[in-house]
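1. attaching a predicted model along with its sequence, questions to come.
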Protein chains: 2
Amino acid sequence: MDYMSELDKYPKPAMAVDIVIFTIIDDILKVLLIKRGRNPYAGKWCLPGGFVLIAESLEDAALRELREETNVKDVYLGQLYTFGNPKRDSRGRVISVAYYALANHEKISPKITGDESIKNVEWHNVNKLPELGFDHKEILEYALKRLRYKLEYSVVGLELLPEKFTLTQLQKMYEIILNEPIDKRNFRKKISTMNFLEDTEEMKKGSHRPAKLYTFRKMPASKFKKIKLEK
Amino acid sequence: MDYMSELDKYPKPAMAVDIVIFTIIDDILKVLLIKRGRNPYAGKWCLPGGFVLIAESLEDAALRELREETNVKDVYLGQLYTFGNPKRDSRGRVISVAYYALANHEKISPKITGDESIKNVEWHNVNKLPELGFDHKEILEYALKRLRYKLEYSVVGLELLPEKFTLTQLQKMYEIILNEPIDKRNFRKKISTMNFLEDTEEMKKGSHRPAKLYTFRKMPASKFKKIKLEK
DNA sequence: TCAAAAGTGTTCCGAATACACCCATGA
DNA sequence: TCATGGGTGTATTCGGAACACTTTTGA
């Protein structure tokens, strides 16, 4: 064990994860924030997150924090970037690996009362954000950029839709995330060439013409064609 | 300072950076490796890297290690991914942020004698790699994938060429990195629409028709058109 | 019969690809 | 005069983008 000491020669930074969880509520793209109950940034909104345990992988840490603070499981979780500015946390040196996820808010019950460092948990409109603590504004903007980029060339967002959905619902989800309108015919053309939807025999009814319901085909993402949406 | 203790509640992982530096020597894409002089993996080849100092940013740590071990400065350095598997280092918990860079090997003088943990430094053909220590094979493969991807849609590699170069040299660089042939006419067409080269008045001579020399235009990368190369 | 959403094709443009020959020079 | 790399154009295909009307249903 003589090389154990090699790791302890210098003081170590603390290692954290921060998670950006997006959802759509009432046709608005929202992100889950936690109001801090203690300094620094007491009373400010922040991303959920916390310190990585010594024997836990980064993704496990992110999933654990997500579960503890928001009750979310089974989400698409992507590593975003690692933020390591020595001044980013006034408590000392904290390096944070940021993850991002999309989740269906109906399967989530954010805890309103949390542990001692949490006062409140809320979904916030990404276009009307409050002032955020730490460098979380930067992390959030980065996540949003990445999410939109990802949307342009791959299959994202099944978490946000019901098991069976119409093409209009799917398109609406894209429009909400990208924050811009999409042409219906072009959208449908591309979705169909991407070949990732499965036709169900069912129809969705309403006081209008019934719409076909689709499900996501279960196959590796690599099998899908990339999608590029118009400006 | 009562919240200083918050960071020290749990044992901390050690924080490292690993750097993947590519270059081209004799028309072969190579990567700089270091032969470890001590356990674990004594005698195995590894990526350059080391621990992050407590007051130093991640990128500064990567640049410092790069400078200390290889004498490289002024390289394009991109953050790749953060590797945090708890078992990735047998000495204890070590999380590593990987960076990658392209460098002109003629401006580098890798140190053959290094500090006590280094026995030797060498450029290795990426297609004929030795067995690597730690999870460095995975990191390297990831870096290579990213480099190739980046090459397809942006301007990469000015570090590898002389100040003034011919279109054939540029094309050859692309072919070596992508490891596949490119059509000359299509390549030139795309390069010229991308508009990132500046025509010098000079010609390169040889025992063949002289070739025009170009330089990279100095402008923000965002101004360049993206490039997509044929398969 | 009306409101509401579903569904559907064509044209245009630009970028990607495939492909082969002549040119200028130095040895 | 030959070997060596330099330099150039066209036709085809494919994907992205713009664009408007008819259909089906329930109220």
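-> Perfect, I can see it now.
2. who does the residue nearest to the spatial centre of chain A bridge with?
-> Nearest to the geometric centre of chain A sits residue A:101, at 2.4 Å (C-alpha atoms, centre = their mean). On the basis of DSSP bridges, residue A:101 is bridged to residue A:21, residue A:77.
3. roughly how far does it sit from DNA strand C?
-> Distance from residue A:101 to DNA strand C, counting by C-beta to the nearest atom of the strand, to the nearest Å: 27 Å. Bear in mind the C-beta positions are built from the backbone N, C-alpha and C, glycine included.
4. repeat that for residue A:86.
-> 41 Å.
5. then residue A:191?
-> On the measure of C-beta to the nearest atom of the strand, residue A:191 and DNA strand C end up 11 Å apart.
6. what about residue A:175, which helix or strand?
-> helix A:167-178 (DSSP states H and E).
7. how about that helix: buried residues?
-> Neighbour counts using 16 or more other C-beta atoms under 10 Å in any protein chain shown place A:167, A:169, A:170, A:171, A:172, A:173, A:174, A:176, A:177, A:178 of helix A:167-178 among the buried residues.
8. name the helices or strands packed onto it?
-> Here helix A:167-178 touches strand A:14-25, strand A:28-36, helix A:136-153, helix A:184-194, strand A:208-216, going by 3 or more C-beta pairs under 8 Å, 6 or more residues apart in numbering or on different chains; DSSP states H and E.
9. between those, which one is closest to residue B:189.
-> helix A:136-153 (24.2 Å; C-beta to C-beta).
10. got the angle for that closest one vs helix A:167-178?
-> 140 degrees (axes from the mean of the first three to the mean of the last three C-alpha atoms, to 10 degrees).
11. average pLDDT across helix A:136-153?
-> Here helix A:136-153 scores 93 as its mean pLDDT.
12. contacts for that helix, please.
-> The contact list for helix A:136-153, computed with C-beta atoms under 8 Å, 6 or more residues apart in numbering or on different chains, reads A:18, A:20, A:22, A:31, A:46-47, A:78, A:80-81, A:83, A:96, A:98, A:100, A:102, A:126, A:129, A:131-132, A:156-157, A:174, A:177-178, A:226-229.
13. any part of it near DNA strand C?
-> No - Helix A:136-153 lies out of reach of DNA strand C by C-beta under 7 Å from any atom of the strand, never closer than 14.2 Å.
14. rewinding a little: right, is the helix holding residue A:175 up against DNA strand C?
-> Yes - Helix A:167-178 is in contact with DNA strand C by C-beta under 7 Å from any atom of the strand, via A:167, A:168.
15. tell me the buried residues in the host helix or strand of residue A:67?
-> For residue A:67, the enclosing helix or strand under DSSP H and E is helix A:58-70. Buried residues in helix A:58-70, counted by 16+ other C-beta under 10 Å: A:58, A:59, A:60, A:61, A:62, A:63, A:65, A:66, A:69, A:70.
16. which members of those residues additionally contact chain B?
-> Among the buried residues of helix A:58-70, the residues that sit close to chain B (C-beta under 8 Å from any C-beta of the partner chain) are A:58, A:59.
17. between the buried residues of helix A:58-70, which sits nearest DNA strand C?
-> residue A:70 (30.8 Å; C-beta to the nearest atom of the strand).
18. what about residue A:34, neighbour count?
-> Residue A:34: 23 surrounding residues under other C-beta atoms under 10 Å in any protein chain shown.
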